[in-house]
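Peer 1: Turn this into a model:
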Amino acid sequence: MKALIVAPSWIGDTVLSQPLFMRLHERNPGLQIDALAPRWVAPVLERMPEITRLIDSPFAHGDLSLKARHRLAHQLAKCGYQRAYILPNSIKSALIPFFADIPERIGFVGESRYGLINRRHTLNKAQLPLMVERFAQLAEAPGTALPRPLPRPRLQSDSLQRAATLASLGIALPEKLAIFCPGAEYGPAKRWPAKHFAAVANVLADQGYAVWLLGSQKDRAIADQIINRTDLTRRPHNLCGATTLTQAIDLLAAAEFVVCNDSGLMHLAAALDRPLVALYGSSSPGFTPPLSVRAKVISLHLDCSPCFQRSCPLGHLDCLNKLDPQRVLDACLSKALA
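Peer 2: Residues are numbered from 1 along each chain as shown. Next up, the predicted model:
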């Protein structure tokens, strides 16, 4: 049997979809799963052994492009898919499987997709509080309970891949490596302040750690702020915007431990089974936690958080400003010694 996955558009959500793929393989030995995915999340799917083939989804966020979707659906109709699992909840995400006339089109009702989805699930947020559970529910018949526990996401990165990435970037692996991921694509209400990252980096440097800063080009400014606040002789190495996502996966896999805001890179580190300190501000670890027993979640649980806003609506960002660097440092060192 062949199934098509319409993948999420966020890196973290893509990681959290892997337990669904694991369940589908358990239930259907010999199943081939192909994924229709935006190119910015494709490297994550490439490191999942459950995925056979990646198909580029060229559509920008909010781009309807009905003619282009019809053309792609016409190509996919020749591939013999029996099922499509539509993970996003938008109408647009359900169009291509419908146009391709895939017999079973599975997903949540979402944006009133009654004609587009023919095996429809109705979301009960109380029964499925976690995003990973909502994706995994699609492996079950509508209305049936989700079997727990779920398998944890596990991405692949072997020593040859890591060596190739280091060589391509022209850097050597230090004896003791800590990686910080100071960005958060969603917005500043999820970003721990640069001065706090710098305080932790200075102490780690005293203990012999090299600190690398990892993220996208958009994170380069906050990474520069961190560097400017650290000791001149032992400054972190700013790799924000200097790597592909594939290279970022391999670098995270090489770290002794990782410190992240709630972001896509946090979920990658968890799925790579690295010791991880995950920092939560405006978002909730009760919805999208790092799925790893080696992760330490730190959140102040203030009355005003989680607010799920991109920017602090109260203007003070206390949920992250008041998160003490010493608490994060203690968690780092406990992970490093684990």
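Peer 1: and Ile33, helix, strand or coil?
Peer 2: Here Ile33 is recorded as strand under DSSP: H, G, I helix; E, B strand; the rest coil.
Peer 1: Contact partners for it?
Peer 2: Ile33 is in contact with Lys2, Ala3, Leu4, Ile5, Phe21, Leu24, His25, Glu50, Ile51, Thr52, counting by Cβ atoms under 8 Å, 6 or more residues apart in numbering. For every residue, glycine as well, the C-beta is placed using N, CA and C.
Peer 1: taking those one by one, which sit in strands?
Peer 2: Among the contacts of Ile33, DSSP state E puts Lys2, Ala3, Leu4, Ile5, Ile51, Thr52 in strands.
Peer 1: sorry, back to before: now the buried members of the contacts of Ile33.
Peer 2: Buried members of the contacts of Ile33, counted by 16 or more other Cβ atoms under 10 Å: Ala3, Leu4, Ile5, Phe21, Leu24, His25, Glu50, Ile51.
Peer 1: who does the residue lying closest to the first one once chain neighbours are set aside bridge with?
Peer 2: Residue nearest to Ala3 in three dimensions, not counting chain neighbours: Arg83, with 4.4 Å by Cβ to Cβ, 6 or more residues apart in numbering. Taking DSSP bridges, one finds Ala3, Glu104 as the beta-bridge partners of Arg83.
Peer 1: Is it correct that Arg83 is in contact with Val6?
Peer 2: No. At 11.3 Å, Arg83 does not count as touching Val6 under the criterion of Cβ atoms under 8 Å.
Peer 1: Could you check how far Gly281 is from Ala60?
Peer 2: Distance check for Gly281 against Ala60: by Cβ to Cβ, to the nearest Å, it reads 28 Å.
Peer 1: which one of the two has more residues nearby?
Peer 2: Taking other Cβ atoms under 10 Å, Gly281 and Ala60 do not tie; Gly281 has more neighbours (26 against 9).
Peer 1: How is this structure divided into domains?
Peer 2: Split into domains by automatic domain parsing, the chain comes to 2-139, 159-336.
Peer 1: Below-threshold pLDDT in the stretch 1-150 of the chain: ranges please.
Peer 2: Within the stretch 1-150 of the chain, no range satisfies pLDDT under 70.
Peer 1: Helices along that one, start to end?
Peer 2: All helices of the stretch 1-150 of the chain, identified by DSSP state H, counting those that start in this stretch, fall at 11-16, 18-27, 42-46, 66-76, 91-99, 131-136.
Peer 1: among those, which is the most enclosed?
Peer 2: Mean neighbour count, computed with mean count of other Cβ atoms under 10 Å, is highest for helix 11-16 among the helices of the stretch 1-150 of the chain, reaching a mean of 26.
Peer 1: Show me what that one is packed up against.
Peer 2: Helices and strands touching helix 11-16, by 3 or more Cβ pairs under 8 Å, 6 or more residues apart in numbering; DSSP states H and E, are helix 42-46, helix 131-136, helix 264-271.
Peer 1: With distance to Glu104 as extra columns, can I get those in a markdown table?
Peer 2: Output for these, formatted as a markdown table (distance: least, Cβ to Cβ, whole Å):
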| stretch | distance to Glu104 |
| --- | --- |
| helix 42-46 | 21 |
| helix 131-136 | 17 |
| helix 264-271 | 28 |
